[in-house]
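In: this one's structure only:
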């Protein structure tokens, strides 16, 4: 989403607050965090606190995914990196994003599914995040270690068997580091 439609990110993702307003307990008074029990104070966000659980449920019902600040910053950095890549942008501009494919494998009859990150004019683009250096042989080792060639073949077969592309589609992995 941060690559293809960054303007939609704020409506679908939020950042987990660092604190919430809650009632001070006797322990808070003892620890010097409040003058008296029952007083409203800022407390560290706690997923076990009822008010925090309630707020998370509200966000979930609204379809908002909550990230930590570091997750959001990491995702935004990766989106920025991909958008700065000229070849990736040629694929993104006018492409179809998060395209779901469903077909029956002709050899086995099994139901197959794939979700392409991006597709445009017979070219499949797939974004891969990594924490390792991504130049030269590093990309090849990463692709081999995670068996991305299997995913590539599956996606290509999906394009062929759904009639999305007549022929052998081209495929491009776009590696982006999680942190610069």
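Out: Noted; the coordinates are in hand. The shown structure was predicted, so the numbers you read here are calculated from the model rather than taken from an experiment.
In: how far off centre is the least confident helix or strand in the chain by mean pLDDT?
Out: None of the helices or strands of the chain scores lower by mean pLDDT, DSSP states H and E than helix 137-145, at a mean of 80. Relative to its chain's centre, helix 137-145 lies at 21 Å (Cα atoms, centre = their mean, to the nearest Å).
In: for it, list every residue counted as buried.
Out: Within helix 137-145, the residues scored as buried using 16 or more other Cβ atoms under 10 Å are 139, 142-143. Yep, even glycine has a C-beta here, placed from its N, CA and C like the rest.
In: any idea how far apart the tips of stretch 58-72 sit?
Out: 20 Å (Cα to Cα, to the nearest Å).
In: could you give the angle of the helix or strand that the least confident helix or strand of the chain is followed by to helix 137-145?
Out: Later in the chain than helix 137-145, the nearest helix or strand by DSSP states H and E is helix 148-161. If you take axes from the mean of the first three to the mean of the last three Cα atoms, to 10 degrees, helix 148-161 sits at 70 degrees to helix 137-145.
In: just the residues contacting helix 148-161, thanks.
Out: With Cβ atoms under 8 Å, 6 or more residues apart in numbering as the test, helix 148-161 has contacts from 101, 103-106, 112-114, 116, 119, 122, 124, 126, 128, 142-143, 164-165, 167-169, 171, 173.
In: hang on, the earlier thing: using JSON lines, lay out the buried residues of helix 137-145 together with distance to residue 78.
Out: Output for these, formatted as JSON lines (distance: Cβ to Cβ, whole Å):
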{"residue": "139", "distance to residue 78": "16"}
{"residue": "142", "distance to residue 78": "15"}
{"residue": "143", "distance to residue 78": "18"}
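In: which one of those residues sits closest to residue 21?
Out: residue 142 (44.9 Å; Cβ to Cβ).
In: so how far is residue 161 from that closest one?
Out: 28 Å (Cβ to Cβ, to the nearest Å).
In: just for the chain, where's the confidence low?
Out: Applying pLDDT under 70 to the chain flags residues 1, 133-134, 136, 180.
In: my guess is residue 72 contacts residue 13, does it?
Out: Yes. Proximity of residue 72 to residue 13 meets the contact threshold set by Cβ atoms under 8 Å, at 6.9 Å.
In: what about the helices in the protein?
Out: Using DSSP state H, the helices of the chain run over 9-12, 26-30, 50-61, 69-83, 86-92, 137-145, 148-161.
In: which secondary structure elements does the longest one sit against?
Out: When you say that, I think you mean helix 69-83. strand 13-15, helix 86-92, strand 123-130, strand 170-177 (3 or more Cβ pairs under 8 Å, 6 or more residues apart in numbering; DSSP states H and E).
In: not counting its own residues, what contacts stretch 120-132?
Out: 3, 78, 82, 88, 91-92, 94-96, 116-119, 138, 142, 146, 148, 151-152, 155-156, 159, 165, 167, 169-179.
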